[in-house]
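Q: I'll drop the sequence and a predicted model, then ask my questions.
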Amino acid sequence: MAISSKTKAKTVPSLIIWLFAALLLVLSGCGSAKEGSQAAVQAAGAGSGGGQDRQKQAPVTLNIADISTNPVLRMAVSKGFFEKHGIEAKLVTFATPAEGINSLFIKQADIAWGADFPILNAVSKGEFAIIASTGTSTEQNAKQWKLFVRDDIGKPEDLKGKKLSFLRGTFLSYLWDEYLAEHGLALDDVKLIGQGGSDEAYIALKKGEVDAVWVSGAALVAKFEAAEGVRQLTDMSQTKVRIGSQIVAPEALIRERPEAVANFLRALDEALRFVKENPQEVADILYKEVKQPRESTLKDLEVLNWNVDFTEAAYDSLTRQKKYMVENGIIEKDFELKDKIKLEFLREVLPDRVTITP
């Protein structure tokens, strides 16, 4: 059938409109596919590197047990190393590291550090694990622990029948046991008086309520040296006692916030490097924040033995201390030490610092 010229005139524009609409539909589909691909890539990125973005948006809050004169954790907060690694840190200050470790049980702190003795006591009783060491005693470090006594005590044997101070929960009861044994005495020959902190011990020694006190730290040593009727008898380097120091965290934190544990160690290592490289600034900050004399801080920094690591020396120290605590009934239920040491985060952050696998 023949098509009139009038009909052709109507059909051609309609065909053009239809083709244009089809083209737009195809282009729209391509655009959707491209956007879908981009969304998939972004989702994949969120699964790998996107964790850092989430961490910046929502910092992990950690209460960290410390003592006022420890420069490392204080610098980690003051100089922003914790913040840099997505941790909103609050230092919870205690008279001794042992008190800080005990605070883990009541969730007053999330992470703590201290000597082998209180660390082992904690992991033997609760769901906690050692995540790194902060170093072990050297001869130089051992010399920093001074034994101050009343003037009437001229030799170790004179301690028989005397009242000897120790800070509750710390390794000092172990130090007394070893020191007395080296000089033919036993714990039964003396009376151990538990105290909460060095200031309490200082007052008790001045008043004659105790007869001997172990002290460490330049500021405290200077204070005891100036006390009337008091003298230094010896220091820990003259004994066979050497102590290690560890970092402990609840196993719940390790399971639920592993990235926070790793980042805690990253920040701590950066803070430690800052402390070693900038002693004058560290002394200024400690004076400003806790009023510790600058000269005392500088003396302490000369013998600072903090290292974020885990070595054979650290493991040996823990092993010796655990043996003593089990044999003396301080740890009532024995446990496998290696089960309480979790080094996967330290291996991730500082792999060359782990030199032994328990």
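A: The structure has been received and is ready for your questions. Residues are numbered from 1 along each chain as shown.

Q: so who does Glu348 touch?
A: Ala262 (C-beta atoms under 8 Å, 6 or more residues apart in numbering). C-beta: built from backbone N, CA, C; applies to glycine.

Q: Doesn't it lie inside a helix?
A: Yes: under DSSP: H, G, I helix; E, B strand; the rest coil, Glu348 falls within a helix.

Q: Where does pLDDT dip in the stretch 51-200 of the chain?
A: Applying pLDDT under 70 to the stretch 51-200 of the chain flags the ranges 51-57.

Q: got the residue ranges for the strands in it?
A: Here the stretch 51-200 of the chain has its strands, by DSSP state E, counting those that start in this stretch, at 60-66, 87-93, 112-115, 128-136, 146-150, 163-167, 191-195.

Q: can you put these in a markdown table and add mean neighbour count and distance to Asp352?
A: Converted to a markdown table, the strands of the stretch 51-200 of the chain look like this (neighbours: other C-beta atoms under 10 Å; distance: least, C-beta to C-beta, whole Å):
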| stretch | mean neighbour count | distance to Asp352 |
| --- | --- | --- |
| strand 60-66 | 20 | 25 |
| strand 87-93 | 18 | 23 |
| strand 112-115 | 27 | 21 |
| strand 128-136 | 24 | 13 |
| strand 146-150 | 22 | 35 |
| strand 163-167 | 21 | 35 |
| strand 191-195 | 16 | 41 |
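
Q: can you tell which of the ones you listed is closest to His183?
A: Among the strands of the stretch 51-200 of the chain, strand 146-150 comes nearest to His183, with 11.7 Å by C-beta to C-beta.

Q: what's next to the closest one, contact-wise?
A: 159, 179, 205, 208, 211-216, 221, 224-225, 227, 229-236.

Q: Any quick PyMOL command for the buried ones out of those residues?
A: Selection of buried members from those for PyMOL, criterion 16 or more other C-beta atoms under 10 Å:
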select buried, resi 159+179+205+211+212+213+214+215+216+221+224+230+233+234+235+236
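
Q: that older thread, out of the strands of the stretch 51-200 of the chain, which is closest to Ala262?
A: Nearest to Ala262, of the strands of the stretch 51-200 of the chain and by C-beta to C-beta, is strand 128-136 at 9.4 Å.

Q: CA-only coordinates of the closest one, as CSV, when you get a sec.
A: Written as CSV, here are the backbone C-alpha positions of strand 128-136 (Å, rounded to 0.1, in the frame of the first residue of the first chain):
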residue,chain,number,x,y,z
PHE,A,128,44.8,-11.3,81.6
ALA,A,129,47.7,-11.7,79.3
ILE,A,130,51.2,-10.3,78.9
ILE,A,131,51.5,-8.4,75.6
ALA,A,132,55.1,-7.1,75.8
SER,A,133,58.0,-6.5,78.1
THR,A,134,59.3,-3.1,79.0
GLY,A,135,62.8,-4.3,79.9
THR,A,136,64.8,-6.2,82.5
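
Q: Give me the subset of the contacts of strand 146-150 lying in helices.
A: If you go by DSSP state H, the contacts of strand 146-150 have Tyr179, Leu205, Val221, Phe224, Glu225 in helices.

Q: Just give me how far stretch 298-309 sits from the chain centre.
A: Centre-to-centre, stretch 298-309 and its host chain are 15 Å apart (C-alpha atoms, centre = their mean, to the nearest Å).

Q: mind listing what's buried in it?
A: Here stretch 298-309 shows Lys299, Asp300, Leu301, Leu304, Trp306, Asn307, Val308, Asp309 as buried, counting by 16+ other C-beta under 10 Å.

Q: start to end distance for that stretch?
A: Start-to-end span of stretch 298-309 (C-alpha to C-alpha, to the nearest Å) is 24 Å.

Q: List the contacts of that stretch.
A: Contacts of stretch 298-309 (C-beta under 8 Å, 6+ apart): 69, 71-72, 132-138, 140-141, 143-144, 217-218, 245, 265, 268-269, 272, 275-276, 279-280, 282-283, 346, 350, 353-355.
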